[in-house]
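Visitor: Provided below are the primary sequence and the corresponding predicted coordinates.
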There are 2 protein chains.
Amino acid sequence: MKKSLNESGVKEIARRANVSIATVDRVIHNRTGVSLKTRNKISKIIEELNYQPNLLASRLASRKVFTLGILIPGVSAETVFWEAPLKGIQRAATEIKQYGFMTEIYFFDLNDKDSFKKQATLMLDKQPNGVLLSPSFLEESIEVASICKQLAIPYVFIDSNIPGQENLCYIGPHLFKSGYVGAKLLTYAISNQSKVLVVNISKEIDNYNYLQIEEGFRAYFSDHSHTHTIVRVDIRQTDYPSIASSLTQVLNTHADIEAIFVTNSRVFSVANFLESRKETNITLIGYDFLEDNIEQLKKGTIQFLICHKPEEQGYRGVMALYQRLLGASPVEKEYYMPIDIIMKENYEFYRN
Amino acid sequence: MKKSLNESGVKEIARRANVSIATVDRVIHNRTGVSLKTRNKISKIIEELNYQPNLLASRLASRKVFTLGILIPGVSAETVFWEAPLKGIQRAATEIKQYGFMTEIYFFDLNDKDSFKKQATLMLDKQPNGVLLSPSFLEESIEVASICKQLAIPYVFIDSNIPGQENLCYIGPHLFKSGYVGAKLLTYAISNQSKVLVVNISKEIDNYNYLQIEEGFRAYFSDHSHTHTIVRVDIRQTDYPSIASSLTQVLNTHADIEAIFVTNSRVFSVANFLESRKETNITLIGYDFLEDNIEQLKKGTIQFLICHKPEEQGYRGVMALYQRLLGASPVEKEYYMPIDIIMKENYEFYRN
DNA sequence: CCTACTTTCGGGTACGTACCCGAATAAGTT
DNA sequence: AACTTATTCGGGTACGTACCCGAAAGTAGG
């Protein structure tokens, strides 16, 4: 079994144009040193042959190493979520390593703007060939973006987006629609004219995300001539005692709450709370495929989890840069992740 | 930016073992012509260095061409479903083409056992290096499997499985659980003690699949001390008039049906029927992300679609063979697809 | 017309692996 | 011991592209 003779390829182009391989190569990489006349002739032949460079040979021959800078939140007890994107990033990293891609990951603290700035500087100082970041802090992220733009470094946002930037692409959820779906799921479990509670647990940060989700959530009710009452509570401390005390207060004031929608992955805390209070009649919906959440899903304390494939976000983010730098195929500007619905009955087959 | 000097690689191994590159190569591909002593020495060094061959160089240098034989149902008005796996297969095919993989697709008629046999023979006569098939016909598929086994050709099942075969892997849904999920979704929309209808529309074939789904569906109700009545109907003709007449009859006999569960992708026909009858109070659930189904989902005639990522099934099926033949990484024996839930509110982000 | 410099181009080697061919050595035979 | 045959091994080229280096051709200034 032999490979079919390669009819296209630099060699063939060179033959047809009566020039050397080196000259063809110059045209392909539009380097200098080719007269306009030959350049045109060669370009035309390339066009005709619909030449596709052999990526294998190309990467093998090239001594160039591409460096990718990744800027994401570090994983802590409070940010378990970021385990998944990290895993995806690492998977992509090993995959493209043999193609000469080096990946450097910089972790920042989600509770500390300065750490973001610091890590960003560290990253950019290395002048990477591509950047992937989670734009958790609006202003600071825009600054990173503008520096990248200046240095002609393509950059990709994951998990949350900043519209209007010239990023290579965004890979993450459509938060508004996601909240919308959450509301829809809620309505399956509650009666008319009932009271629902929206819970946001986070340390003031990243409530940019939160706002869009809640907006979508509320939009569903207003789109469907709602007869429900929406109560909301913000919990700024992420430790369990704080959460418990806040929730106790709310549930005491509103004894008739039928359902709770938690806007991020900390649903399990709320679930723990409900469990301890032996509240079995409250429907609970939240976000993300975390171990703690799945545990409560299995027990039935949580009814639905919404998930946006965080691991795939990380993976695709890296691969988008890879594609771009190799120029293999164009990159979609906005890659919205599916809004996946996870229940007790289908969680075991879910791929994060 | 230069690539870091390659510390591992055949050259380094050869240097350390005091042999030539050719000899190292012989050991790596366990070819003959190496004395046991040198073979062991080299093996040990390979172990120590944790040598990973450079796939790029390997594929480039190899003149070998791998052929993959694909055996799946052809796409027709009745089997639109198979568009998706086909698309995935083609995507994978173009991706691995530059690595020297040729893909040949053989289509058979889902209503014609003989066409399956015929296409299978055509495929196997070419002695492909790997086989991907949808084992739609039990006996005939087992025969294909045994021939492959004999010829030492790895083979992969997609969409439905035949347990106990020595296939490289299975890629597809867990049908029982899928039916289970369907039942769960139904219960969100119906009242207690109501009557539900299970509809199976297919020409006698592939009811192997159907049985598992219905089993799961029923299991949910019995697991949850059901108070529901389940009516079922088999429709052996897939044209609309036949479906309409069957359904008319059923709905006339059972006027109090609250929900319908269709066991495959032909839900849209049922939806059309309900629409024409102006039945807006019946909950409808079915399978697959087809254009016709989405249309009815948007209109609200269908409440839920369950989907198992058919396109990804095709893609992954091919890639499993690719991985195996290149020996890059081991292949999971059973790759169950997620059981995805699609509603009006999240369909636009779904990736098939 | 000669020298100095710029532009345009081709030869050739390298990337890491696959594999052919023939040489050297070992084993067996008369 | 001489010769045949089998076994073991190394040299070297090829895969398709990248890129270095130096040669040839063209341009300008005197």
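Guide: Here it is on my side, so go on.
Visitor: for residue A:340, which non-adjacent residue is spatially closest?
Guide: residue A:307 (4.6 Å; Cβ to Cβ, 6 or more residues apart in numbering or on different chains). Just so you know, the C-beta spots here come from the backbone N, C-alpha and C atoms, and that holds for glycine as well.
Visitor: could you check the pLDDT of the one you found?
Guide: In this prediction, residue A:307 carries a pLDDT score of 98.
Visitor: might you report the residue contacts of it?
Guide: A:287, A:288, A:289, A:340, A:342, A:350, A:352 (Cβ atoms under 8 Å, 6 or more residues apart in numbering or on different chains).
Visitor: and with 6 Å instead?
Guide: Contact analysis of residue A:307 by Cβ atoms under 6 Å, 6 or more residues apart in numbering or on different chains lists A:288, A:289, A:340, A:342.
Visitor: any idea how far residue A:317 is from the closest residue to DNA strand D within the stretch 151-300 of chain A?
Guide: DNA strand D sits closest to residue A:152 of the stretch 151-300 of chain A, with a gap of 17.2 Å, by Cβ to the nearest atom of the strand. Distance from residue A:152 to residue A:317, counting by Cβ to Cβ, to the nearest Å: 19 Å.
Visitor: and the two? Which one has more around it.
Guide: Of the pair residue A:152 and residue A:317, residue A:317 is the one with more neighbours under other Cβ atoms under 10 Å in any protein chain shown, namely 31 against 7.
Visitor: got any ranges where the stretch 51-200 of chain A has weak pLDDT?
Guide: Judged against pLDDT under 70, the stretch 51-200 of chain A has no low-scoring part.
Visitor: so residue A:222 sits in a helix?
Guide: Yes - per DSSP: H, G, I helix; E, B strand; the rest coil, residue A:222 lies within a helix segment.
Visitor: returning to that earlier point: any idea how far chain B is from the residue of the stretch 151-300 of chain A closest to DNA strand D?
Guide: Per Cβ to the nearest Cβ, to the nearest Å, residue A:152 is found 16 Å from chain B.
Visitor: and if you look at residue A:292?
Guide: Applying Cβ to the nearest Cβ to residue A:292 and chain B gives a distance of 20 Å.
Visitor: with residue A:176 instead?
Guide: Counting by Cβ to the nearest Cβ - residue A:176 and chain B are separated by 11 Å.
Visitor: that residue and residue A:212 touch, don't they?
Guide: Yes - in this structure, residue A:176 is within contact of residue A:212 by Cβ atoms under 6 Å, at 5.1 Å.
Visitor: so which of those two has more stuff around it?
Guide: residue A:212 (20 against 16).
Visitor: which residue is the nearest non-sequential neighbour of the more buried one?
Guide: Nearest non-adjacent residue to residue A:212 (Cβ to Cβ, 6+ apart): residue A:175, at 3.8 Å.
Visitor: going along the chain, name the helices of the stretch 151-300 of chain A.
Guide: A:175-189, A:207-223, A:240-253, A:267-277, A:291-299 (DSSP state H, counting those that start in this stretch).
Visitor: and those, which is most packed in?
Guide: Comparing the helices of the stretch 151-300 of chain A by mean neighbour count (mean count of other Cβ atoms under 10 Å in any protein chain shown), helix A:175-189 comes out on top with a mean of 22.
Visitor: what does that helix rub up against?
Guide: Against helix A:175-189 from outside (Cβ under 6 Å, 6+ apart): A:209, A:212-213, A:215-217, A:219-221, A:259, A:261, A:283, A:285, A:304, A:306, A:339, B:188, B:345-346.
Visitor: do stretch A:232-242 as well
Guide: With Cβ under 6 Å, 6+ apart, stretch A:232-242 has contacts from A:78, A:198, A:199, A:200, A:201, A:203, A:243, A:246, A:250, A:269.
Visitor: endpoints of it, how far apart?
Guide: Stretch A:232-242 has an end-to-end distance of 16 Å (Cα to Cα, to the nearest Å).
Visitor: and it, how far out from the chain's middle?
Guide: 25 Å (Cα atoms, centre = their mean, to the nearest Å).
Visitor: cool, stretch A:241-250 as well?
Guide: 31 Å.
Visitor: avg pLDDT for that stretch?
Guide: Here the average pLDDT along stretch A:241-250 is 96.
Visitor: follow-up on the earlier one: which one of the contacts of stretch A:232-242 is nearest chain B?
Guide: Proximity of those to chain B was ranked by Cβ to the nearest Cβ; the top entry is residue A:198 with 17.4 Å.
Visitor: neighbours around that closest one, how many?
Guide: Residue A:198 - counted by other Cβ under 10 Å - has 22 other residues nearby.
Visitor: neighbours of the closest residue to it other than its chain neighbours, how many?
Guide: Nearest residue to residue A:198, sequence neighbours excluded (Cβ to Cβ, 6+ apart): residue A:232, at 4.3 Å. When neighbours are counted by other Cβ under 10 Å, residue A:232 registers 15.
Visitor: now do residue A:232, the pLDDT please.
Guide: 93.
Visitor: surely residue A:341 is in a strand?
Guide: Yes - the assignment for residue A:341 is a strand, going by three-state DSSP.
Visitor: against residue A:267, how distant is it?
Guide: Taken as Cβ to Cβ, the span from residue A:341 to residue A:267 is 14 Å.
Visitor: over to residue A:327?
Guide: In terms of Cβ to Cβ, residue A:327 sits 42 Å off from residue A:267.
Visitor: need the residues of the stretch 251-352 of chain A near chain B, please.
Guide: A:336, A:338, A:339, A:341, A:345, A:346, A:349, A:350, A:351 (Cβ under 6 Å from any Cβ of the partner chain).
Visitor: residues from chain A in reach of DNA strand D?
Guide: A:3, A:6, A:9-11, A:21-22, A:25, A:28-29, A:53-54, A:57-58, A:60-64 (Cβ under 7 Å from any atom of the strand).
Visitor: filter those down to the buried ones, ChimeraX style.
Guide: Buried residues among these (16 or more other Cβ atoms under 10 Å in any protein chain shown), as a ChimeraX selection:
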select /A:9,10,25,28,53,54,57,58,60
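Visitor: now, which of the residues of chain A next to DNA strand D lie close to DNA strand C?
Guide: A:21, A:22, A:57, A:60, A:61, A:63.
Visitor: roughly how far does residue A:146 sit from residue B:247?
Guide: 61 Å.
Visitor: repeat for residue A:43
Guide: Taken as Cβ to Cβ, the span from residue A:43 to residue B:247 is 62 Å.
Visitor: what parts of chain A come near DNA strand C?
Guide: A:18-23, A:26, A:32-39, A:57, A:60-61, A:63.
Visitor: nearest to DNA strand C: which residue in the stretch 51-200 of chain A?
Guide: Closest point on the stretch 51-200 of chain A to DNA strand C, by Cβ to the nearest atom of the strand, is residue A:61, at 3.4 Å.
Visitor: please report phi then psi for that residue.
Guide: phi -80, psi -30 (degrees, to the nearest 10).
Visitor: distance check, it against residue B:56.
Guide: 10 Å.
Visitor: do the same with residue A:190
Guide: 57 Å.
Visitor: for residue A:141, same thing?
Guide: For residue A:141, the distance to residue B:56 - Cβ to Cβ - is 35 Å.
Visitor: what do you get for residue A:85?
Guide: Residue A:85 is 28 Å from residue B:56, by Cβ to Cβ.
Visitor: for DNA strand D, what's the nearest residue on the stretch 101-250 of chain A?
Guide: residue A:129 (12.8 Å).
Visitor: residues near that residue, how many?
Guide: Residues near residue A:129, counting by other Cβ under 10 Å: 21.
Visitor: can you check residue A:192 too?
Guide: Residue A:192 has 8 nearby residues by other Cβ under 10 Å.
Visitor: identify the residue spatially nearest to it, adjacent ones excluded.
Guide: residue A:227 (5.4 Å).
Visitor: gap between the one you found and residue B:343?
Guide: 21 Å.
Visitor: which of these two has more residues huddled nearby?
Guide: With neighbours defined as other Cβ under 10 Å, residue A:227 and residue B:343 compare such that residue B:343 has more, 19 against 10.
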